[in-house]
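[1] Coordinates for the following, if possible.
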Amino acid sequence: MITSGRPRAQKAVIPAAGLGTRFLPATKAIPKEMLPVVDKPAIQYVVEEAVRAGLTNLLTITGRNKVALENHFDRHWELEQALEQKGDVNRLRRVQKSQMLGEVHFVRQGEPRGLGHAVLCAQAHVGQEPFAVLLGDDLIDEGDPLLEPMLDAQQRHGGNVIALMEVPPEQIHLYGCAAVEPVDNDGDVVRVTGLVEKPAPGEAPSNLAIIGRYVLDPSIFDLLSRTQPGRGGEIQLTDALAESTRSGEVGVVGVIFKGHRYDTGDRLDYLKAMTRLAVRHREVGDEFREWLLEWVNTPEGQGTEGSAPH
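    Model (predicted):
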């Protein structure tokens, strides 16, 4: 049990203002966060993760054409009434679950100025408390807790906490990368001494990639307000955290995650996530797994029949 006296984060921020260009044309009219992963939109997995960690006060940072997010976490009286009249209790409970998860708020980013700016939009809601940030592209397996140990680490060490995951060295240029040193007797927690955004091959200080979970000290808002646009002309959260490691005033620690993470922002990983979660689904999992095992041995499954749609 944590006894440091530091307050534990109670709020979560979910940036969801991106355009979802990697999934066009599917995301032309539908927010990428609403794309289904089996039978739930991706953002619901993220909200459920936050709630499991005790963060029931959630702020979603949205943009234009994101009204579907608000509708999803609101009540749909007509649908509920229709399901109730049909006696379809199971589907009624699924529909109602999304609006009962927690207290979900929404604020618009206004213009797409980067993840750092999206986090800065949460300042009035968060105030002077530590808070979590969960990116919707990264789904963390329910059986592999990550947010809870990050919240614990923030109470022990203070400052900012980032999630790190080992990736093959040839892939580290796709991520923000951390230079680290050990923290005595603290398991998978390391002290972050530097951060590099998408380092050139051969120049990465480690193979520890930053993934989309953060627990941040409120001092990050002051850093973000002074952070100049970086890669892509946007205000980068990684740049503000890198400054935090250099200043020494508010440190950064990392929690090394060794569980399952699904990158739903990439089309191939999205399909992998869909498959892995589908075979574990309590209603369709067994039948889907049986079909999948049969299908992979067919000419179509082995890629020797038919042509790929595009």
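[2] With the flanking residues excluded, which residue is spatially nearest to the residue positioned nearest the centre of the chain?
    For the chain, residue 135 is the residue whose C-alpha lies nearest the centre (CA atoms, centre = their mean; 2.8 Å). Nearest residue to residue 135 in three dimensions, chain neighbours excluded: residue 212, at 3.0 Å (CB to CB, 6 or more residues apart in numbering). Glycine gets a C-beta too; all of them are placed from N, C-alpha and C.
[3] Can you report how many residues lie near that neighbour?
    20 (other CB atoms under 10 Å).
[4] next one: residue 112
    Residue neighbour count, defined by other CB under 10 Å, stands at 14 for residue 112.
[5] same question, residue 49
    There are 23 residues near residue 49, going by other CB under 10 Å.
[6] List the contacts of it.
    Residue 49 makes contacts with 134, 140, 142, 147, as judged by CB atoms under 8 Å, 6 or more residues apart in numbering.
[7] cool, residue 192 as well?
    Neighbour list for residue 192: 162, 178-180, 241, 245, 251-254 [criterion: CB under 8 Å, 6+ apart].
[8] partners of it in the sheet?
    Following DSSP bridges, residue 192 is listed with bridge partners residue 180.
[9] re earlier: which one of the contacts of residue 192 sits closest to residue 17?
    residue 241 (19.7 Å; CB to CB).
[10] Can you give me the domain boundaries for the chain?
    Here the domain assignment for the chain is 11-265, 266-298, based on automatic domain parsing.
[11] Convert stretch 76-90 to PDB, retaining C-alpha atoms only.
    Below are the C-alpha coordinates for stretch 76-90, written out as PDB (Å, rounded to 0.1, in the frame of the first residue of the first chain):
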ATOM      1  CA  HIS A  76     -30.300   6.300 -25.900                       C
ATOM      2  CA  TRP A  77     -33.900   6.200 -24.500                       C
ATOM      3  CA  GLU A  78     -35.600   5.000 -27.700                       C
ATOM      4  CA  LEU A  79     -33.100   2.100 -28.100                       C
ATOM      5  CA  GLU A  80     -33.300   1.100 -24.500                       C
ATOM      6  CA  GLN A  81     -37.100   1.100 -24.600                       C
ATOM      7  CA  ALA A  82     -37.200  -1.000 -27.700                       C
ATOM      8  CA  LEU A  83     -34.800  -3.600 -26.200                       C
ATOM      9  CA  GLU A  84     -36.800  -3.600 -23.000                       C
ATOM     10  CA  GLN A  85     -40.100  -4.200 -24.800                       C
ATOM     11  CA  LYS A  86     -38.500  -7.100 -26.700                       C
ATOM     12  CA  GLY A  87     -37.200  -8.600 -23.500                       C
ATOM     13  CA  ASP A  88     -33.600  -8.500 -24.900                       C
ATOM     14  CA  VAL A  89     -31.900  -8.100 -21.500                       C
ATOM     15  CA  ASN A  90     -28.400  -8.900 -22.600                       C
END
